[in-house]
Every structure is written in C-alpha cells, then in structure tokens.
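Trainee: give me the fold of what follows.
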Amino acid sequence: MYAQLVKTDEKRLKSLGEMDPQERAFQGRIDRGEKIEPKEWMPEGYRKTLIRQISQHAHSEIVGQLPEGNWITRAPTLERKAILLAKVQDEAGHGLYLYCAAETLGISRDEMFEQLHSGRAKYSSIFNYPTLSWADIGAIGWLVDGAAIMNQVPLQRCSFGPYSRAMIRICKEESFHQRQGFDIMMKLCKGTEAQQKMAQDALERWWWPSLMMFGPADGDSVHSAQSMAWKIKQDTNDELRQKFVDQTVPQADFLDLKVPDPDLKWNQERGSYDFGEPDWDEFFQVISGNGPCNEERLGARVKAWDDGAWVREGLMAHARKHARRTTLAAAE
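Mentor: Predicted structure coming up:
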C-alpha cells in the first residue's frame, strides 16, 4: 500500500480484561463489523493511527504524481499522453478524498502539509525512485498500482467509515491505472528488441521496490497487530506480499519477462511461490530520506506549496469579503 511504518501509539495489544468499559464497547462494535464515524467516541490511539495512515496515504497519492507527470510531455503518442494525463489527475483526486477523510478526525489540511514539508510525515518509499524510460511508466502502473490495489481492496472494509468509503471510489480508478500500465508493458514486449529490453530493465528496477511497498516483514512490523485488532488493516504485510507475488509472476511469464529473483520458484505444497527477501537496508534508507529522489520529490512539493500561496491568499480574502457582505446584508 501507500502507507508504511504506521505507528499505533500502543505498546502492546490489550486484552478485553485490561480495557475500560468504553474501550470494550468500542472493540465490540469493531468485532461486529460496525463502521466507526467521525463524531462517535474512539480511543485516542485509534484516532492517531488513522490520522497517520490516511495522511501518509494522501501524501503518497500527491507525491506519486511526480514520477509519472514527468513523462506527460514525452509520452510516445497523443493517446498515451491523454491516458497519462487522466491517470495523474486521478491521483490528485485520490489525495483530495483522503485528506478530506483525515480532516474528519480533527487535523487540518495545513497541519498535514506542514508535517509533509518538514519531513515529519512520510509517504510511500516507492516514489523516491527515478522514472528513466517510458517502460517505467508501464512498470509503475503494472507493479506499483498492482501492489496498491492488493492492499487497498481490503481497506474498503476498514472499520473507519470515511476511509472505507473513499477506498471504494479509489479502488475502481486504481484498477484502470493498473490495466493501462500492463497494456504499456504488453505493447513493449510485442515490439522491437530494444523495446523488449526496455521493458525487462524496468521490471528489474521496480520489482524489489514494489515488494517493499507492503512494509517490513511481519516480525519487524510491531504495530500491525493493533491495527488488525481495530480492523484498520485486514491482512499482514507478508500475506499481502505473497498475494502480490502469486498474482504478478504469471503476468510476467505471459509477457515473457524474467522476474529478477534467483530464489523465485513455485512451491507445489503451499500452492504459492517462494521468493527472496527484499533488501530491507535499502528500504529503511529510503524511508529515512536517503533514497535516489527523496530530496527532489519533497523539494517539488514545497515549491508547489510556496508558488500557490497567492492563490490561497486570494481565496481567503474573497471568503472574508463575502462573509462581511453577508453579515451586513443580514443586519439591514
């Protein structure tokens, strides 16, 4: 997914006996599959966890426009340009849905942006890698959006109502994104030898970062248990990673592309693929701000915020002017 290393503020998972009556009633609602709405009581840890996860998800959608937006002017055909424009526009919309969902929890849009721009809030590590060729746009749609869908579909059943409802709309659009990426790869793999090599190169560079999107291995993901108890998460990181590999490897075989994992093999007994371990040192380096494009991505977001200050100021001035007119009209 687009949210990694989301903390819950809970040191360990409480038993029902350790909860106070209000917490037990809340957990009962969760266990019965009820949706929690913004104005209803919730534990502070639940609220903070959702703010972190939803805002990180929103930041990822917005920052995620940058690697692909870089290729809008260089798309090989007018049709591809129109498709890519639509996709990047969708990502902006996804960010808007998610920021709105997070705001219902009591945090402002400005606070979330300040956290992103100061480096205190994270976004998905995947967007800190460069897009070096047109095939990378295909790989992002096929692999990155494919991995996102794998995690976001269960989020449609998230216990928090606004997040759950936002994900229903987002998942429909992400399925289009994944399909257009696969279509780009399919066209390249049916093309010239140079195009086939371009597709293979993109797979080799994006495969491992895509597996890292699901977050650390379960043994190192100390907050997953609480998120799953609250039904914010539905599956563990490793379960989702396994599903992604099982779904994607046959697609790579269809494209006649070789997955860059010497340990990849079908396990007949498990009915799934065995595969190698991602480079978690690289993952934590990128998450810590030391990836190939961290500085560039964050710099672009801060510049966009600063360049748009005059628009925000103008809108606020207009709103104040309108409010004064309304007040005067009411007084007459």
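Trainee: drop to CA atoms for contacts and neighbour counts, all remaining ones
Mentor: Will do.
Trainee: helices or strands up against the lengthiest helix in the chain?
Mentor: Identified as the longest helix of the chain according to DSSP state H is helix 161-189. Where contact means 3 or more C-alpha pairs under 8 Å, 6 or more residues apart in numbering; DSSP states H and E, helix 161-189 is packed against helix 78-103, helix 134-139, helix 145-155, helix 193-212.
Trainee: centre of the chain to the helix or strand of the chain with the lowest mean pLDDT, how far?
Mentor: Least confident element among the helices and strands of the chain, by mean pLDDT, DSSP states H and E: helix 224-229 (a mean of 87). Distance of helix 224-229 from its chain centroid, counting by C-alpha atoms, centre = their mean, to the nearest Å, is 18 Å.
Trainee: how does the protein divide up, domain by domain?
Mentor: Residue ranges for the domains of the chain, per automatic domain parsing: 16-291, 293-332.
Trainee: can you redo the helices and strands packed on helix 161-189 as TSV with mean pLDDT?
Mentor: Formatted as TSV, the helices and strands packed on helix 161-189 follow (pLDDT from 0 to 100):
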stretch	mean pLDDT
helix 78-103	96
helix 134-139	98
helix 145-155	94
helix 193-212	98
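Trainee: between these, which gets nearest to residue 15?
Mentor: Checking the helices and strands packed on helix 161-189 against residue 15 by C-alpha to C-alpha gives helix 145-155 as the closest, at 24.3 Å.
Trainee: that closest one packs against which elements?
Mentor: Using 3+ C-alpha pairs under 8 Å, 6+ apart: helix 145-155 touches helix 161-189, helix 237-254.
Trainee: quick one: closest of the ones you listed to residue 312.
Mentor: Closest of the helices and strands packed on helix 145-155 to residue 312 is helix 161-189, at 25.3 Å (criterion: C-alpha to C-alpha).
Trainee: which regions of this structure sit below the pLDDT cut-off?
Mentor: Scanning the chain with the threshold set as pLDDT under 70 gives 1-12, 221-223.
Trainee: repeat that with 90
Mentor: Along the chain, the parts satisfying pLDDT under 90 run over 1-20, 216-226, 234, 328-332.
Trainee: okay if I get the domains of the chain as JSON lines plus mean neighbour count?
Mentor: Formatted as JSON lines, the domains of the chain follow (neighbours: other C-alpha atoms under 10 Å):
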{"stretch": "domain 16-291", "mean neighbour count": "18"}
{"stretch": "domain 293-332", "mean neighbour count": "12"}
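Trainee: can you lay out the helices and strands packed on helix 145-155 as TSV showing distance to residue 155?
Mentor: Output for the helices and strands packed on helix 145-155, formatted as TSV (distance: least, C-alpha to C-alpha, whole Å):
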stretch	distance to residue 155
helix 161-189	6
helix 237-254	12
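Trainee: out of those, which is closest to residue 324?
Mentor: Proximity to residue 324 (C-alpha to C-alpha) singles out helix 161-189 among the helices and strands packed on helix 145-155, at 33.1 Å.
Trainee: between helix 237-254 and that closest one, find me the angle.
Mentor: Here helix 161-189 runs at an angle of 30 degrees relative to helix 237-254 (axes from the mean of the first three to the mean of the last three C-alpha atoms, to 10 degrees).
Trainee: follow-up on the earlier one: kindly reformat the helices and strands packed on helix 161-189 as TSV containing distance to residue 124.
Mentor: Below are the helices and strands packed on helix 161-189 laid out as TSV (distance: least, C-alpha to C-alpha, whole Å):
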stretch	distance to residue 124
helix 78-103	13
helix 134-139	16
helix 145-155	10
helix 193-212	10
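Trainee: so for residue 183, which of those helices sits nearest?
Mentor: Between residue 183 and the helices and strands packed on helix 161-189, the tightest spacing by C-alpha to C-alpha is seen for helix 134-139, at 7.4 Å.
Trainee: now find how far off-centre the strand or helix carrying residue 46 is within its chain.
Mentor: Element membership of residue 46 [criterion: DSSP states H and E] is helix 44-63. Here the centre of helix 44-63 is set off from its chain's centre by 10 Å, with C-alpha atoms, centre = their mean.
Trainee: what is the following helix or strand past it packed up against?
Mentor: Toward the C-terminal end, the helix or strand that comes next after helix 44-63 (DSSP H and E) is helix 65-69. When contacts are defined as 3+ C-alpha pairs under 8 Å, 6+ apart, helix 65-69 sits against helix 78-103.
Trainee: on that earlier part again, out of the helices and strands packed on helix 145-155, which comes closest to residue 91?
Mentor: Using C-alpha to C-alpha, the nearest of the helices and strands packed on helix 145-155 to residue 91 is helix 161-189, at 8.9 Å.
Trainee: quick one: end-to-end distance for stretch 300-319.
Mentor: Terminal residues of stretch 300-319 lie 28 Å apart, using C-alpha to C-alpha, to the nearest Å.
Trainee: residues in contact with residue 205?
Mentor: Contact criterion C-alpha atoms under 8 Å, 6 or more residues apart in numbering gives no residues in contact with residue 205.
Trainee: sounds good, over and out.
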